[in-house]
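> here is my input, please return the structure:
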Amino acid sequence: MRWALIKVCLAVTGMVVLAFAVPLALVVKEMASDRAFSQAERQANALGPTLSITTDREQLLQAVLSTEAGAAGRMAVHLPASGGGGGDAEMGRARADHEAVEIARELKHAGVTAVPGGSAFLQPFALGSGKICIVEVFVPEAEVGRGVAFAWLVLAGVGIALVTGSVLVADRLGIRMTRPAERLAGAAQQLGRGSLEVRVPEEGPGELRRAAQAFNAMAGQVVELLANERELAADLSHRLRTPLTVLRLNAASLGEGTAAEQTRAAVAHLEREVDTIIRAARDAKPRTAGQPPVAGCDASEVIRERMNFWAALAEDEGRAISVAGAGAPVFVPVQRTDMAAALDALLGNVFQHTPEGTAFSLDMHRSQDAVIILVSDAGPGIADPEAALARGNDGGRDGSTGLGLDIVRQMAEATGGDVRIGRSMYGGAEIRVWIQLNALPGEQPRRRDRRTPRRRGRPGVTSG
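The predicted structure is shown next:
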């Protein structure tokens with residue numbers, strides 16, 4: 001904006017300077033020429049009284065030499081021939097040719113003719129005898145253009161000064177306009193990076209002041225909305241403590257056995273998750289793209305742990321399960337809790353949205369720059385993958401909040417990866433989670449061939 005304003009002002013001022021300076025320069029040149037020929041006319045008229053009295057050569061020569069032009073050798077007198085003979089009697093250094101002199105004599109008014117080195121001013125005078133005498137005054141080219149170059153330099157200097165002054169004024173005005181705009185843009189970037197306390201001074205032109213006021217009001221509303229959201233999440237999570245306490249007491253009365261221990265472990269895990277949600281909700285510092293990378297975890301260990309947890313339910317429902325690729329340690333840049341939550345969301349969807357007895361498998365593949373987790377089932381599949389990845393429930397899926405796959409997507413995209421839904425080799429749904437290993441948080445996933453090997457055959461109750 002600043003440079004655009006300077007360019008516009010420079011163009012406008014330049015056109016104005018040219019519109020006035022060029023005609024003025026021509027006028028100055030014309031005035032210098034008129035001044036030179038007016039001076040020549042005065043020099044010629046100085047001989048008028050003498051020519052009206054006498055045509056004596058001695059007296060005329062003294063009169064010529066008494067003038068400035070005559071003393072400089074730039075005046076001549078063309079006397080008509082006496083006795084009607086041809087030719088003129090010339091006195092002084094004549095430069096005009098005979099034809100020009102005769103034309104001036106016939107016209108009986110002053111004229112100018114070009115001669116080598118300048119111009120000759122020819123002034124006719126009537127003598128007592130009735131004949132016409134011509135007084136010639138030579139005007140050099142330097143005299144015609146005297147002072148023009150200096151005047152043009154002055155005009156050029158004034159034009160440059162006007163253009164420079166206009167540029168400086170435009171620059172000051174541009175700074176006055178652009179600085180508030182730059183501060184507003186910088187504040188918007190800081191707000192986007194999570195600096196919720198940033199505000200913009202309400203100064204500058206009226207439009208920018210109103211924009212700053214709107215930005216400050218928006219930032220305040222964002223802070224208020226986030227605070228309300230955190231408090232709401234914390235309150236909702238806190239309300240779960242009462243039913244969790246009942247579940248924990250009931251689980252304690254189940255006695256001994258594998259199912260009882262798994263139930264108590266599930267309740268304890270649920271209590272830890274609720275506590276984590278409350279602490280995260282009460283934290284006043286939201287996650288931003290500028291946060292440093294989080295500590296990672298061993299994906300294989302988390303997969304084995306969560307599959308063991310879900311294996312008991314799978315056995316009760318008669319589901320055949322299969323795990324592959326989780327034998328060796330695989331480090332991923334994801335927090336352990338986030339990885340566990342994502343896996344629980346993936347496996348929970350299988351149990352919730354497929355009939356009992358539906359088999360499923362979990363495969364993990366490691367490449368040079370990514371880890372790919374495939375969860376495949378033999379259920380009915382997902383008819384609308386985009387709707388399944390959309391956050392929130394549109395009311396068409398009973399018992400679903402629409403947050404499960406969104407949790408998985410956020411975990412993957414935090415590493416620069418993504419989540420895709422397709423058709424598995426078993427005929428059901430296949431959810432592929434791409435976790436990038438060497439990307440900054442928030443980086444867009446690389447567009448390359450991400451095909452991964454698939455195991456053939458029906459899933460069985462195996463692990464590897």
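
> for Thr55, what are its contacts?
79, 127, 133 (Cβ atoms under 8 Å, 6 or more residues apart in numbering). Where C-beta positions appear, they are placed from N, C-alpha and C, glycine not excepted.

> residues near the last one, how many?
Okay, so that is Cys133. By other Cβ atoms under 10 Å, the residues close to Cys133 number 24.

> contacts only, for it.
For Cys133, the contacting residues are 51, 55, 77-80, 124-127, by Cβ under 8 Å, 6+ apart.

> SS state for it?
When classified by DSSP: H, G, I helix; E, B strand; the rest coil, Cys133 comes out as strand.

> likewise for the first one?
Three-state secondary structure (criterion: three-state DSSP) places Leu79 in strand.

> report how many residues lie close to it.
Neighbourhood size, Leu79 [other Cβ under 10 Å]: 18.

> cool, Gly48 as well?
What Gly48 shows, counting by other Cβ under 10 Å, is a neighbour count of 15.

> likewise for Thr354?
Residues lying near Thr354 (other Cβ under 10 Å) number 20.

> and it, backbone torsions?
With angles defined as degrees, to the nearest 10, Thr354 sits at phi -130, psi 150.

> list the residues that contact it.
By Cβ under 8 Å, 6+ apart, the residues touching Thr354 are 360, 377-380, 428.

> could those go into a markdown table alongside neighbour count and secondary structure?
A markdown table is the format used below for these (neighbours: other Cβ atoms under 10 Å; DSSP: H, G, I helix; E, B strand; the rest coil):
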| residue | neighbour count | secondary structure |
| --- | --- | --- |
| Phe360 | 26 | strand |
| Asp377 | 26 | strand |
| Ala378 | 23 | coil |
| Gly379 | 19 | coil |
| Pro380 | 13 | coil |
| Gly428 | 20 | coil |
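
> circling back to that earlier point, now distance to Ile321 and pLDDT too, for the contacts of Cys133, in CSV please.
What follows is the contacts of Cys133, written out as CSV (distance: Cβ to Cβ, whole Å; pLDDT from 0 to 100):
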residue, distance to Ile321, pLDDT
Leu51, 134, 83
Thr55, 140, 79
Val77, 131, 89
His78, 130, 87
Leu79, 136, 85
Pro80, 136, 83
Pro124, 128, 91
Phe125, 131, 89
Ala126, 134, 86
Leu127, 138, 83
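
> so which of those residues comes closest to Phe37?
Nearest to Phe37, judged by Cβ to Cβ, of the contacts of Cys133 is Pro124 at 15.4 Å.

> remind me which helix or strand that closest one belongs to.
Secondary structure from DSSP states H and E places Pro124 in strand 118-126.

> other SSEs contacting that strand?
Using 3 or more Cβ pairs under 8 Å, 6 or more residues apart in numbering; DSSP states H and E, the elements in contact with strand 118-126 are helix 2-45, helix 48-53, helix 98-107, strand 111-115, strand 132-140, helix 141-144.

> can I get those in CSV including distance to Ala342?
As requested, those are exported to CSV (distance: least, Cβ to Cβ, whole Å):
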stretch, distance to Ala342
helix 2-45, 48
helix 48-53, 115
helix 98-107, 107
strand 111-115, 99
strand 132-140, 98
helix 141-144, 94
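
> what is the neighbour count of Asp316?
What Asp316 shows, counting by other Cβ under 10 Å, is a neighbour count of 10.

> quick one: the strands in the stretch 251-400 of the chain?
Assignment of strands within the stretch 251-400 of the chain using DSSP state E, counting those that start in this stretch yields the ranges 297-298, 321-324, 331-332, 360-366, 370-377.

> list the buried ones in the second one?
This points to strand 321-324. Buried positions in strand 321-324, judged by neighbour count with 16 or more other Cβ atoms under 10 Å: 321-324.

> what about Gly128, distance to Leu51?
The spacing between Gly128 and Leu51, counted by Cβ to Cβ, to the nearest Å, is 9 Å.

> out of the two, which sits in the busier spot?
Comparing Gly128 with Leu51 by other Cβ under 10 Å, the one with more neighbours is Leu51, at 19 against 10.
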